[in-house]
Each structure stands twice: as structure tokens, then as C-alpha cells.
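In: when you get a sec, could you give me coordinates for this:
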Amino acid sequence: MLKKLFGKKEEAPIDVEIKSPITGNLLSLEEVPDPVFSQKMMGDGVAVEPTDGKVVSPIDGEVVQVFPTKHAIGLKAKNGAEILIHIGLETVSMDGKGFEAHVTEGSKVNAGDPLVTFDLELVRSEAKSIITPVIITNGDDLAGIEKHSVDTVQAGQDTVLTVSSK
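Out: So this is what the prediction gives:
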């Protein structure tokens, strides 16, 4: 009777497709001019050299962290994969100037929902790079990460990674 009343709990998917959170050119992490990302110290993933200043959710999931400077955002997919989107390199020093967050911690999001908008030209002039790493920070807890090879990506549309839970 209780199952009828409350419904069946939704099963977490094993595989989750991660769309590009930003429109631009897809790069490998090895091409990122920062050893923290290029040497995968924070985890594996991809990077995008953006052509606009709109960041959207790459997954259906939850916002787990919005950095106070709005230059980075952490998400959790339904299969447990944790994703860090780091807009530009050394953008923390911009102290939030030119960034606007559209979500808060705890927000439920669907792929394509707006997360952050930023002034691309301001980041280009004030930060080390506009390259935006997309990192799976808990890869050790997952069964696998498959990278998709495409040259250019549209935010919220093109799949860049598929992550599988154990």
C-alpha cells in the first residue's frame, strides 16, 4: 500500500551523457595551459575554448557548489558523477567581476538550463585563458569515462563525455 501511495523510487541511471556546458572548440585536457588541469590533478575530462559567454548545465542533476566568485560551478549527476566546470584559467582573481550566476547550491537542473553568464572579452583580457575545463572530480568512484571526439560543440546539445557508475 505504501508503494502505491508514495510511488516507486526512481532508479539512478548507470550511464550519463555529459553535454558540453559551453559553445566552442573542444580540446583535450592535455591542451589546457595549466598543469592542475592538463596533468589531471583534479580529475579527467575535457576542455572547451568558448565562443560565447553562456554556461548551461551539461546534465540533469543538482548544483552542489557555486563558487563565491562565480567562476566555477560543481554539479552532481543522477548516477553520482561529480562535474566541475571551471570558466577560464586563473579567473578566481577576477573576484566575480563579469560573472553572473543563475543558480544556487541545491538547485535542480536539467541539461541546457542556464548556470552562469560571463563577459567573454573581459575574461579574455583579465584572465590567463578563456579555456574552460569540464572535470569529473570523482572518477575513482565511477566505472568509466568515455570521451567523445568532436571539434566544435554547442552548449547543452553535443555530448562530450559519457560516465558510467559502478
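
In: contacting residues around the residue nearest the centre of the chain?
Out: Nearest residue to the geometric centre of the chain (Cα atoms, centre = their mean): I85, 3.6 Å. Going by Cβ atoms under 8 Å, 6 or more residues apart in numbering, I85 touches 21-22, 55, 58, 72-75, 115, 132-134. Backbone N, C-alpha and C define where each C-beta goes, glycine included.

In: check G43 too.
Out: By Cβ under 8 Å, 6+ apart, G43 lies in contact with 84, 135-139.

In: before we move on, what about V153?
Out: 20, 22-26, 48, 160.

In: same question, S149
Out: L26.

In: check T132 too.
Out: T132 sits in contact with 21-22, 24, 47-50, 55, 85-88, where contact means Cβ under 8 Å, 6+ apart.

In: again, 6 Å this time
Out: Applying Cβ atoms under 6 Å, 6 or more residues apart in numbering, we find T132 in contact with 22, 48, 50, 87.

In: put the buried members of the residues you listed into a ChimeraX selection.
Out: To isolate the buried members of those in ChimeraX, using 16 or more other Cβ atoms under 10 Å:
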select :22,48,50,87
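
In: for the contacts of T132, work out which two are farthest apart.
Out: V48 and I87 (9.9 Å; Cβ to Cβ).

In: any idea which of the contacts of T132 is the one closest to M41?
Out: Lowest distance from M41 to the contacts of T132 (Cβ to Cβ) belongs to I87, with 18.3 Å.

In: now do the contacts for D52.
Out: Shown in contact with D52 (Cβ under 6 Å, 6+ apart): T23.

In: would you quantify the distance from it to I22?
Out: According to Cβ to Cβ, to the nearest Å, D52 stands 8 Å off from I22.

In: and V63, by the same measure?
Out: V63 is 16 Å from I22, by Cβ to Cβ.

In: same check, this time on P133
Out: Between P133 and I22 the computed distance is 11 Å (Cβ to Cβ).

In: before we move on, what about D141?
Out: From D141 across to I22, the span is 25 Å (Cβ to Cβ).

In: got phi/psi on L122?
Out: phi -70, psi -40 (degrees, to the nearest 10).

In: next, count neighbours for the spatially closest residue to L122 that is not a sequence neighbour.
Out: Residue nearest to L122 in three dimensions, not counting chain neighbours: G98, with 4.0 Å by Cβ to Cβ, 6 or more residues apart in numbering. Using other Cβ atoms under 10 Å, G98 has 22 neighbouring residues.
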